[in-house]
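Asker: predicted coordinates and the sequence they were generated for:
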Amino acid sequence: MNNLPPKDDAPLYEFDTPQSSGQAALLKTNLPLPRRSGKVRDVYDLGSEVMIVSSDRISAFDFILPSGIPGKGRLLTKMSQFWFSKLNVRHHLKSVEIPKSLSDHFDTTPLEGRIMIVEKAKVIPFECVVRGYLEGGGLREYELTGEVCGNHLPTGLRQCDKLPEPIFTPATKAEEGEHDENVSLDRMITDLGSELAFKLRDESLRIYNEAADYAASKGILIADTKFEFGLVGDELVLVDEVLTPDSSRFWDAATYAPGIAQQSFDKQFVREYLSSCGWDKQSDPPPLPDAVIAQTAAKYQIALRRISGE
C-alpha cells in the first residue's frame with residue numbers, strides 16, 4: 001500500500017464514468033486523514049482505530065483495472081460483515097457506522113455502506129490461501145509438478161476436481177507493481193517461525209471448512225479463498241475482507257461438473273474477459289465493456305443474496 005497524504009485540492013471522491021444503468025463507480029477517496037491505498041481499499045488512520053473504505057475498484061492479474069464495478073464496495077462490506085458475524089473467529093471489525101466526527105466535517109454520503117471501523121493490528125505479510133478444489137494457479141502448478149505450494153496431490157486430477165482434503169497454499173503479499181508469489185509452508189516457517197506459521201495454517205483451514213460447510217447449505221461451493229491475519233498484541237486476529245467474491249471462487253453447486261470451468265459468482269468473469277481480449281497482462285489493462293461490468297455486478301449480487309440472504 002502507498003502512504004499518500006490527502007491533497008488539499010483533490011476532490012473527496014473520484015468516480016468512474018456512469019454506466020448505462022446511470023450508476024457510477026467510486027474509484028478513489030481523498031479524505032483529509034492519513035491514508036494508505038491498496039488495490040481495492042483506502043485505509044484511514046483514525047488514531048486508536050482504522051477506517052477501511054471499500055471502493056468500487058477491481059483488480060485482476062495483480063493490476064488495478066481502469067473501470068470500476070458500481071456498488072461493489074458496498075457489497076464487499078456487507079459480505080465481510082456477514083462472515084465476521086457468522087464465523088467463530090477473533091476478528092478486527094468493530095463497527096460499520098460512519099463516525100460522527102467525520103460526518104460533522106464533510107460529506108460522507110458516498111461512504112455509506114462502504115466502511116469498516118476496525119482494530120489496529122500488525123498485519124502478517126502473507127496471504128493465507130486455502131484451496132478445496134483444483135483451479136486457477138493451483139491447477140497450472142499441479143499440471144507442471146503434481147504439487148501445489150509443496151502439497152503433493154494424487155495423479156490424474158482434472159480441472160475443478162474436489163481435492164481429497166483442503167490444502168493450505170500461502171502467498172507473499174506483493175508490493176505495488178509486483179506480483180504475489182505462491183510459497184510453501186516451509187517459507188512461512190523460515191520467515192515467521194514454526195509456531196505462528198502452523199497456527200496460521202490450522203486457523204485458515206478451520207475457518208475455510210466452517211465457511212464451506214455453511215455455503216454448501218446455500219448451494220454455493222467455495223472453491224478457494226484467501227485470508228489475511230494480524231496480531232493485536234500476541235493475539236491472532238482475522239483482518240481485511242473475508243470470503244467475498246473478490247477474495248474467493250464461488251461456484252454454483254447445482255451446475256458443478258469437474259473437468260471444465262465452472263459457473264462462478266466472483267471476478268473470474270473479468271479474468272476470462274481479460275484473457276480473451278488480447279491484453280498481454282504486462283502493460284496497463286484496458287477498460288471493461290459495459291456488458292462485462294454489468295454481468296460482474298450481477299454475479300457479485302447473486303453471491304451475496306445466496307450466502308447471506310440479503
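Answerer: Perfect, thanks for sending it.
Asker: now the helix or strand harbouring I167, how far from the centre of its chain.
Answerer: Applying DSSP states H and E as the criterion places I167 in strand 162-168. Here strand 162-168 is found 20 Å from its chain centre; the criterion is CA atoms, centre = their mean, to the nearest Å.
Asker: try stretch 236-254
Answerer: From the chain centre to the centre of stretch 236-254 is a distance of 7 Å (CA atoms, centre = their mean).
Asker: quick one: average pLDDT of it?
Answerer: Throughout stretch 236-254, pLDDT has a mean value of 96.
Asker: before we move on, what about stretch 62-81?
Answerer: 96.
Asker: need the contact list for the closest residue to E14 other than its chain neighbours.
Answerer: Nearest non-adjacent residue to E14, counting by CB to CB, 6 or more residues apart in numbering: K28, 4.1 Å away. C-beta here means a position set from N, CA and C on the backbone, and glycine is covered the same way. Residues near K28 by CB atoms under 8 Å, 6 or more residues apart in numbering: 13-14, 37, 42, 55, 57.
Asker: and what of R114?
Answerer: By CB under 8 Å, 6+ apart, the neighbours of R114 are 26, 53-55, 73-74, 77.
Asker: ok, it to F227 distance?
Answerer: Applying CB to CB, to the nearest Å, the value for R114 to F227 is 21 Å.
Asker: could you report the neighbour count for the closest residue to F126 other than its chain neighbours?
Answerer: Distances taken as CB to CB, 6+ apart put P170 closest to F126, at 4.9 Å, once the chain neighbours are dropped. Number of residues near P170 (other CB atoms under 10 Å) recorded here: 28.
Asker: now G259
Answerer: 8.
Asker: just to check, it is in contact with Q159?
Answerer: Yes: with contact defined as CB atoms under 8 Å, G259 counts as touching Q159 (6.0 Å).
Asker: next SSE after the longest helix seen in the chain?
Answerer: Counting residues, the longest helix found in the chain (DSSP state H) is helix 194-217. Using DSSP H and E, the helix or strand that follows helix 194-217 towards the C-terminus is strand 220-232.
Asker: now the angle from that following strand to helix 194-217?
Answerer: On the basis of axes from the mean of the first three to the mean of the last three CA atoms, to 10 degrees, strand 220-232 is oriented at 150 degrees to helix 194-217.
Asker: each with direction, which strands does strand 220-232 pair with?
Answerer: Paired neighbours of strand 220-232 in the sheet (DSSP bridges): strand 122-123 (antiparallel), strand 126-133 (antiparallel), strand 235-239 (antiparallel), strand 248-252 (antiparallel).
Asker: out of those strands, nearest to I220?
Answerer: Closest of those to I220 is strand 248-252, at 5.2 Å (criterion: CB to CB).
Asker: where in the stretch 151-300 of the chain is pLDDT low?
Answerer: 174-179 (pLDDT under 70).
Asker: ok, so what distance separates the residue nearest the centre of the chain from V40?
Answerer: Nearest to the geometric centre of the chain sits S247, at 2.9 Å (CA atoms, centre = their mean). The gap separating S247 from V40 is 10 Å, by CB to CB.
Asker: re the thing from before, which secondary structure elements does the strand holding I167 contact?
Answerer: Under the contact criterion of 3 or more CB pairs under 8 Å, 6 or more residues apart in numbering; DSSP states H and E, strand 162-168 touches strand 126-133, helix 194-217.
Asker: got the angle between the longest one and strand 162-168?
Answerer: Using the same axes, to 10 degrees, the direction of helix 194-217 lies 140 degrees away from that of strand 162-168.
Asker: contact partners of helix 194-217?
Answerer: Contacts of helix 194-217 (CB under 8 Å, 6+ apart): 83, 86-89, 124, 126, 128-130, 132, 166, 168, 170, 185, 188-189, 191-192, 221-222, 225, 227, 229, 236, 238, 243, 250, 253, 307.
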